[in-house]
Every structure is written in C-alpha cells, then in structure tokens.
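next one to model:
(chains A and B)
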Amino acid sequence: MDDVKTKEVISLAELMIVAASEAWRDNGEVLASGIGIVPRLGASLAKLTHSPELLMTDSETFLVSEPIPLGPRGERDNAYGPKYEGYMSFDRVFECVWGGRRHAMIGPSQIDRFGQSNLSVIGGSYEKPKSAILGVRGLPGNSINHMNSMFVPNHGPRVFVSGEVDMVSGVGYNPARFSAGMKMDYIDLRLIVTDLCVLDFGGPAHAIRVKSLHPGVSFEQVQAATGFPLLKAEQLGATPLPTAELLALIGKLDPHNLRATTVKNNPPAIRAAV
Amino acid sequence: MALDKQLTAAAVVAQLRDGMTLGIGGWGPRRKPMALVREILRSSLKDLTIVAYGGPEVGMLCAAGKVKKLIYGFVTMDAIPLEPYFRKAREAGALQVMELDEGMFEWGLRAAGMRMSFLPTRCGLGSDVLTRNPQLKTIASPYDDGEVYLAMPALKLDAALLHVNEADRLGNTLMRANDPLFDHLFARAAERCYVSTEVLHDKLELDAASARLNFFERYLVSGVVHAPCGAHPTYSSPDYGWDLEHLKRYNASAAEEGGWEAYMNEFVRCSEAEYLVKVGGAERVGKLRTPVF
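This is a model prediction of the structure:
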C-alpha cells in the first residue's frame, strides 16, 4: 500500500527530471549544462548518481564539485556554500563548446523532424516576425560542436512542427543544409524529454523515435501531438518512475519546489489512460 | 596632463556621430554602461548600428528610435527573458538585423581586434544564420582536409562603450567581477573605446593581485567617465546587483499606452544625479543583491 501512496504523489516534473538525467549517462568527463529547471535538475541528478565524472558550473562563473540547489540558498550560518573546484567564465564555456566537451539541454520553442531547433522568431516573415523570442543565442555553435538534448514541457504540434522550424537556430540531421566539405560529424543529438514521452534519434538517418512513453500515454497520443511522423523504438517501454531515493535527492536539489511550476497545474506522473 | 582622459558622459556622446557602429559591453543584464546609454537617449544621435550581447540597453535604444541595425545573438534580461522593446521593434519590422551565434559574435570581435578580415569557424554552418545573412561566406581549408568553414567577418566598431569597477584618468581599468565577459574584445575591436567607471582614481597604484583584474590596455581607452552606479539597473558585481524592481517597472511600461514616453520623462530626461535619487540613491543601489542562479 505504501508503494501506491508514493506513486500518487510523484509529479510529472519529477518523472521528467529523472528521464532528463539519463541524457548525461556514459557521456564521460564533459560539462553538463542543463538550462531551465528540469534540465538543470536532470544534470544535477546525473552527477549525484550514475555520472559523478560530469563537470558542472554554478550557472555563472565557477565549476562546482557538487550541484548547487536551485533558488535562494538561505541566510548566514544556514546558507548553502558552493563547492568550487575551478573556473568557467563565459569565454571558457565557448572554448569548451568548440572543443566538443559539453552536453547541453535547453528548451527550444520549435523542433522539427531533423532535430533542428528554434529560439529566434516565430511566424510572419523573418523581417517582420509575428513573435520575436530571444535570438539564436549559442544554438548554432552548440549544435554543430557537441552533444545536445532538448526539453519540451508542452508537447504539441506548435512545438513539433510539420515543416522545418521557422529559423533554424540549432542544426540537426538535415544534409540538405550542408554543402560539400562542411563537417556534420560533431552533430550529436541525444534525447528530447517532453511531458508525454522521451524521444531519441535512433531511427534510420537519425530519424526521431519514441523511446519511452510516460505512464498513461499512448504512442497514438504522442503522434497526434507531433507535426511529423514518429517511429517506435524496438523496445518501446514506459518511462520509469523515480525511486524513493531519487525523489529524496530531487527534493534536496530543489528545496523550494520550483519543479512544481514547470508543467501547468503540476500534474502527477501517473495519469489516467486516455 | 596629456594623459588625462576624463570626460563627461555628454562629452563622450558629443564625439559620436549619426550612423556610427557602436559596440556595447556586458552581457544581457550584466555590466551594461547604462549611464552612457542614457546620455545617448538624451541626445539627437540616430541611425546607429548597435553590436551587443543584448540586454535592456538594446530595448531602450530601440524604443527611442536610435537603432537602424542590430548585430546580436540575443536580447534578454534573464529574469525577464523577453526584452519588451526589442520585441516591439523586431515585430514591427523596424530593425535591420544581423543575427549571429554567440560564438560567431565573439569571433567577429576577435577578428576586428586582430585586424583580420575574418576568422574561420564551424558555428553557424547549416543554420539559418547563414541563409538570413547572405553576406556571410564560407572558405575551404587550404590543407589536405579541405574542410569548409564559415568565414566570420570582422565586426569593426567605430566606438565601444564599457562599464568597469575602477579606472584612472590615464585609462587603466579594473574589472572586479568574477567574469570579465568579452569587454576586452569590444575594446580591441573599436576605433575608440569609452569606459564609465564606479570609482575614478587619479592614478591606479596596484598590487599584483589587483593588477590581474586589468583586462585591456589603457592605449585602447579614449575616454573615462566617472559614473557611480552607472550600470544600474543592470548589475555590476561586486559593487551591486540588478534592480529587479526597476527592470519590472521598465518591462511593464512597454505594455502601457505612452509607456516609453513616461519612462523617458521619469528616468532619462533628467541628470544622472537626479536619476540616482529617483532609483533610491547610491545607498540603496549598493545594497541590491547580485542574483543567485
């Protein structure tokens, strides 16, 4: 009975954090950059559990030997003190990027069948877009140099578009965009963690596959929410629920429960089958 | 003394011309030379090309109609991810843009500082940065590998505007923040570099530990402006954090009818001394906490 109670209180966000942490498994000694609440907690969890060799920063300037909990760190004697082990200025992050020793996970506004992503503008024309977002930021350089994964808290056809994304910021497996002599060898897309499932790039020519379905979600439901055809991984299974041990670690990494804000109404991990 | 480079902000802006390409140091909400930017907002300068890792200074210059072209990788205030006036200008089709990968941007500044016409990189290949900037060209390695790179052209600046923690009248500068960001590259890429400083000394006399906080040479510096709290409302660690209350107010103004005019009237159409009083004085600014990420 205790087991049932535990499962009731596990949130979808916590399930996604654990799924995200898997992106960094067996990466070796690389800089793990999770941008946003779920990706950062995923990277932090990876370092605390299966991949202690990962490097992490304080999200600003220093390398830390222990992931820093999210949010305010307390006052005076009770304050959390970051465990610095080195230096990682923005300049050095770029050097790390170009040398390929990094795995970043970010949340783009659009993703297409090639794994191309967009963080710049949506709709209208490029000159007069309907919606201006941030700009391409570091996505072109990240995507062509090192491992990348993505996080989507609102899996739907507006994110997973039917055509190409409106402004290719992060590149994907789309040879039509590369001329002879341009090197695609370092493009290395790993996982897309969404509120419905986990996707990977394990299909023919790196086609996107559904790797696991979150509890209560069907493949058909994921396909209907995606603007392009999806493949099923050979061993399509259910995304595993976090263990009590992992949940305890997540609680320590996120003492202010910021994870509860990542999906609307903070739904539970196990939802009624549709 | 011949090497006294102290200027007022107004004297700096008087040296700038319509149509110039201006680089602005800092990154997003970090260490922006806002006192100098406000002086530009007060001036009649126009048709500027702004080159920046953009924060609220880009939004303000857009709102005031100063920007003809923007060279950037992003514009954001971090805690408020979407910069409201940049969005308005971009969505109105009012800006010419050269949108770049953050690393390409750095490479462009480096090329300019090294007096190179370009530097090769893989960043940008395969992306719409290449297709949306048809002036960007590629180049094949002359060696056996023959790899094709993007040739990132030099981003030459007519002037760079930076904010530092300390400086002297000779143009020596110290940046005490943990991350010097890319300000030194802006200084090198520019014909003339103007710095605003929290503290102005007649002559810096440093120990070795402090001298390491000097990131570019004084021969690059054309003018030094004494501007305490001159990065407000962005943050200039370790001196002060960002003013989120002010940034939220600035952000909210974009949704109000006549909001920018009201912001201008309250915070720009006044002296810097009056500005500082309006935002709570140096004591309040000095207590603003640096953000925790």
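
ok, residue B:129 - how many residues close by?
Around residue B:129 there are 27 other residues, counting by other C-beta atoms under 10 Å in any protein chain shown. Where you see a C-beta, it was placed from the backbone N, CA and C, and this is true even at glycine.

once you drop chain neighbours, what's closest to it?
residue A:140 (5.3 Å; C-beta to C-beta, 6 or more residues apart in numbering or on different chains).

tell me who's in contact with that neighbour.
Counting by C-beta atoms under 8 Å, 6 or more residues apart in numbering or on different chains, residue A:140 makes contact with A:169, A:170, A:171, B:101, B:103, B:104, B:123, B:124, B:125, B:126, B:127, B:129.

rerun at 7 Å
If you count contacts by C-beta atoms under 7 Å, 6 or more residues apart in numbering or on different chains, residue A:140 has them with A:169, A:170, A:171, B:101, B:123, B:124, B:127, B:129.

mind telling me what element it is part of?
Following DSSP states H and E, the helix or strand that holds residue A:140 is helix A:139-145.

quick one: mean pLDDT over that helix.
The average of the pLDDT scores along helix A:139-145 is 98.

dump it to CSV, restricted to CA.
Taking C-alpha atoms only, helix A:139-145 is exported to CSV below (Å, rounded to 0.1, in the frame of the first residue of the first chain):
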residue,chain,number,x,y,z
LEU,A,139,22.4,27.2,-30.5
PRO,A,140,24.2,27.2,-33.9
GLY,A,141,27.6,26.7,-32.2
ASN,A,142,26.4,24.2,-29.6
SER,A,143,24.5,22.0,-32.1
ILE,A,144,27.4,21.7,-34.5
ASN,A,145,30.1,21.1,-31.8
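
quick one: the strands in chain B, in order.
Using DSSP state E, the strands assigned to chain B run over residues B:21-24, B:48-54, B:67-75, B:96-99, B:118-121, B:137-140, B:148-153, B:157-168, B:173-174, B:190-201, B:221-226.

contacting residues around stretch A:205-214?
Contacts made with stretch A:205-214 from outside it, assessed by C-beta under 7 Å, 6+ apart, are listed as A:15, A:113, A:115, A:173, A:196-203, A:219, A:222, A:230-233, A:236-239.

now the buried members of those.
Listed as buried from the contacts of stretch A:205-214 are A:15, A:113, A:115, A:173, A:196-201, A:203, A:222, A:230-231, A:233, A:239; burial here means 16 or more other C-beta atoms under 10 Å in any protein chain shown.

just the ones of the residues you listed in helices?
Assignment to helices by DSSP state H places the following of those there: A:15, A:222.

which of the buried ones among the contacts of stretch A:205-214 lies closest to residue B:157?
For those, the residue nearest residue B:157 by C-beta to C-beta is residue A:115; the value is 35.7 Å.

around residue 53, how many other residues sit close by?
You didn't say which chain, so I picked chain A. One way to gauge burial is a neighbour count; for residue A:53, by other C-beta under 10 Å, it gives 14.

my bad, chain B
Around residue B:53 there are 27 other residues, counting by other C-beta under 10 Å.

got the contact list for it?
Residues near residue B:53 by C-beta under 7 Å, 6+ apart: B:26, B:27, B:28, B:73, B:105.

ok, and which of the residues you listed reach chain A?
Judged by C-beta under 7 Å from any C-beta of the partner chain, the overlap between the contacts of residue B:53 and the neighbourhood of chain A comprises B:27, B:73.

what bits of chain B have low per-residue confidence?
Along chain B, segments meeting pLDDT under 70 span B:1-2.

let's see that with 90 instead.
B:1-3, B:290-293 (pLDDT under 90).

what pLDDT does the nearest residue to residue A:86 once chain neighbours are set aside get?
The spatial neighbour of residue A:86 that comes closest, neighbours along the chain excluded (C-beta to C-beta, 6+ apart), is residue A:63 at 3.6 Å. What the model reports for residue A:63 is a pLDDT of 98.

now the one 10 residues further on
Per-residue confidence for residue A:73 comes out at a pLDDT of 85.

okay, now it: neighbour count?
Neighbour count for residue A:73, taken as other C-beta under 10 Å: 14.

that one touches residue A:79, doesn't it?
Yes: with contact taken as C-beta atoms under 7 Å, residue A:73 and residue A:79 are classed as touching, separated by 5.3 Å.

can you give me the buried ones in stretch B:79-99?
Taking 16+ other C-beta under 10 Å as the basis for neighbour counts, the residues of stretch B:79-99 that come out buried are B:80, B:82-91, B:95, B:97-99.

next up, the contacts around whichever residue of the stretch 151-274 of chain A sits closest to chain B.
When distances are taken as C-beta to the nearest C-beta, the stretch 151-274 of chain A approaches chain B most closely through residue A:181, which lies 3.4 Å from it. Residues in contact with residue A:181, defined by C-beta under 7 Å, 6+ apart, are B:140, B:146, B:147, B:148.

those residues also near chain A: which ones?
B:140, B:146, B:147, B:148.

quick check on the residues you listed: which are buried?
Among the ones next to chain A among the contacts of residue A:181, the ones that count as buried by 16+ other C-beta under 10 Å are residue B:148.

of the ones next to chain A among the contacts of residue A:181, closest to chain A?
Closest approach between the ones next to chain A among the contacts of residue A:181 and chain A, by C-beta to the nearest C-beta: residue B:148, at 3.4 Å.

list the beta-bridge partners for that closest one.
For residue B:148, the residues forming beta bridges with it (DSSP bridges) are residue B:140.

separation between the spatially closest residue to the residue of the stretch 151-274 of chain A closest to chain B that is not a sequence neighbour and residue B:116?
Beyond its immediate neighbours in the sequence, the residue positioned closest to residue A:181 (C-beta to C-beta, 6+ apart) is residue B:148, lying 3.4 Å away. Separation of residue B:148 from residue B:116 (C-beta to C-beta, to the nearest Å) stands at 19 Å.

hmm, which two among the buried ones among the contacts of stretch A:205-214 are most spread apart?
Using C-beta to C-beta, these reach their maximum pairwise distance at A:15 and A:173, which is 27.4 Å.

which of the buried residues of stretch B:79-99 fall in helices?
Restricting the buried residues of stretch B:79-99 to those inside helices, with DSSP H as the criterion, leaves B:84, B:85, B:86, B:87, B:88, B:89, B:90, B:91.
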